[in-house]
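need a structure here:
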Amino acid sequence: MSLINTIAQVKFNFNNLKNEFDMTVLENCKNFPAWNNHSLEDVRSQYDAIISILEEAIELNDLENVPLNFLISLSNSIAAILNNFRNLKNQLNQQHYHQLSSQISSLRGQLRTFGIEVSFIRERALDELRLNTGELLSQLEKEKKEFLSLKKDLGSYVGGAVSSALSDSFKKRKDSLWIAKSFWLFLFIGVGYVTYGDTRNISKEIEIVYKTSIEKEAQNESTKSTSDLLIVWLVRLLSVSPNVAALWFIGTQYLKERHFEEEVAHKASVASSLKNYSELSSSESTQNEIISAASNVVFSPPSYKDGWGGVEKNLKKIAEITSHLK
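Numbers count the residues shown, from 1 in each chain. Now for the predicted structure:
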């Protein structure tokens, strides 16, 4: 007998069993015995398990993976159970119950032994796992989209607020630096004017001493007149040196404030456009690199000591990243 014909016979006998078997027949038996420890509840539980297992095995075509000899035995067992049930139903003879319950229990054990039950449970568990996994993945994808949307909105709101606040702060700092720069510039001009005035008075004295030395030289008194001239020049240098030191200090402060002003102006321009950097690329890693480089420009300390090296380095980094954008 071929495998296909045997499976067809199993299905035929199984359908007849489902259509004819009725537990109420057993319930109506008088003085229902419990032979071989098979109570009515045991028979009902085992029968329901057999029906459930075979239904799923047929639906999943699991019978094709079962040996032919077991299928023949399975078909015969189902037919025997059905025949015994028919006899019990027709005669209501309690002695037939012992044989029927034993056959049901035996068939239940055979299904477990040959792996049909295990295969059915595995397939059902896999189906449930696939279903649950698919639902979880769909839910995660949905939540991911919502999270990215909220992240984008939050970044837009926070970025706008932060860039606006930074731009305002840098503007105030730029204004204060302009005032400080102007102060040092005017002070430099004032000290320079005072220095020129002091030097002018001393120059007149030098001119007088010089003319005197010329006259005395004609009278052979050049040694003394030359000493007087040297003393006057020495006095001039001593009197002007504080002014020169003040001019040097003021000039240094002016250059420092001017560098600070230029750097703050650059940071203000970067801060004002900080919220737009994340839109330059769809790649999150590239966005993070751009924002990180821009943040280094904005939040780096004043770089006057090292010139513009730090700022130029970060600017080159931003340019290098943006050059790879497509």
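
Can you give me the domain boundaries for this protein?
As assigned by automatic domain parsing, the chain contains the domains 3-114, 166-323.

Can you flag the weakest of the ones you listed by average pLDDT?
Per-stretch mean pLDDT for those is lowest at domain 166-323 (a mean of 66).

count of neighbours near residue 184?
19 (other C-beta atoms under 10 Å). Heads up, the C-betas are built off the backbone N, CA and C, glycines and all.

now it, nearest residue through space, not along the chain?
Leaving aside its sequence neighbours, residue 184 sits nearest to residue 254 (C-beta to C-beta, 6 or more residues apart in numbering; 4.0 Å).

can you pull the contacts of the one you found?
181, 184-185, 188 (C-beta atoms under 8 Å, 6 or more residues apart in numbering).

again, 10 Å this time
Residues in contact with residue 254 (C-beta atoms under 10 Å, 6 or more residues apart in numbering) are 180-188.

Touching, residue 243 and residue 188? I think so.
No: look at residue 243 against residue 188 with C-beta atoms under 10 Å: they stay out of range, at 11.0 Å.

Does anything pack onto the helix or strand hosting residue 58? Which helices or strands?
Here residue 58 sits within helix 40-59, counting by DSSP states H and E. Under the contact criterion of 3 or more C-beta pairs under 10 Å, 6 or more residues apart in numbering; DSSP states H and E, helix 40-59 touches helix 3-20, helix 23-27, helix 68-91, helix 95-113, helix 116-218.

at 7 Å instead, please
Contacts defined by 3 or more C-beta pairs under 7 Å, 6 or more residues apart in numbering; DSSP states H and E place helix 40-59 against helix 3-20, helix 23-27, helix 95-113, helix 116-218.

tell me which of the contacts of residue 254 is nearest to residue 262?
Nearest to residue 262 among the contacts of residue 254, counting by C-beta to C-beta, is residue 181 at 10.3 Å.

Just give the nearest non-adjacent residue to the closest one, would you?
residue 257 (4.0 Å).

Touching, the one you found and residue 180? I think so.
Yes: counting by C-beta atoms under 7 Å, residue 257 does reach residue 180; the two are 4.8 Å apart.

Looking at those two, which has the bigger crowd around it?
More neighbours surround residue 257 than the other of residue 257 and residue 180, with 21 against 17 (other C-beta under 10 Å).

about what we covered before: distance-wise, check the residue nearest to residue 184 relative to residue 177.
Noted for residue 254: a distance of 11 Å to residue 177, by C-beta to C-beta, to the nearest Å.

Repeat that for residue 140.
For residue 140 relative to residue 177 (C-beta to C-beta), the value is 51 Å.

So which bits of stretch 70-82 are buried?
Within stretch 70-82, the residues that count as buried by 16 or more other C-beta atoms under 10 Å are 70-71, 74-75, 77-82.

my bad, should have said stretch 7-20
7, 9-10, 13-14, 17.

any idea which element residue 234 lies in?
Secondary structure (DSSP H and E) places residue 234 in helix 222-272.

Residue 85: neighbouring residues, count only.
21.

Skip the chain neighbours and tell me the closest residue to it.
Nearest to residue 85 is residue 21, by C-beta to C-beta, 6+ apart, at 5.6 Å.

count of neighbours near the one you found?
Residue 21 has 19 nearby residues by other C-beta under 10 Å.

all numbers from here: first residue = 670
Taking 670 as the first residue, the last one we looked at is residue 690.

Against residue 722, how distant is it?
Counting by C-beta to C-beta, the gap from residue 690 to residue 722 is 15 Å.

same thing with residue 860?
106 Å.

What values do phi and psi take at residue 735?
When quoted as degrees, to the nearest 10, the phi and psi of residue 735 stand at phi -100, psi 140.

Residue 736 too?
Main-chain torsions, residue 736, degrees, to the nearest 10: phi -60, psi 150.

how many other residues sit next to it?
10.

measure it to residue 677 for me?
Taking C-beta to C-beta, one finds residue 736 at 17 Å from residue 677.

do residue 918 as well
Taking C-beta to C-beta, one finds residue 918 at 109 Å from residue 677.

For the buried residues of stretch 676-689, work out which two are farthest apart.
Farthest pair in these, by C-beta to C-beta: 676 and 686, 15.5 Å.

Residue 860 touches residue 915, doesn't it?
Yes: between residue 860 and residue 915 there is a contact at 5.0 Å, judged by C-beta under 7 Å.

tell me the contacts of residue 733?
Residue 733 sits next to residue 676 when contact means C-beta atoms under 7 Å, 6 or more residues apart in numbering.

How about the secondary structure of it?
Assigned with DSSP: H, G, I helix; E, B strand; the rest coil, residue 733 falls in the helix class.

just checking, the residue nearest to residue 754 touches residue 752?
No: counting by C-beta under 7 Å, residue 690 stays clear of residue 752, with 11.5 Å between them.

Give the residues shared as contacts by those two.
With the criterion set as C-beta under 7 Å, 6+ apart, the contacts of residue 690 and residue 752 do not overlap.
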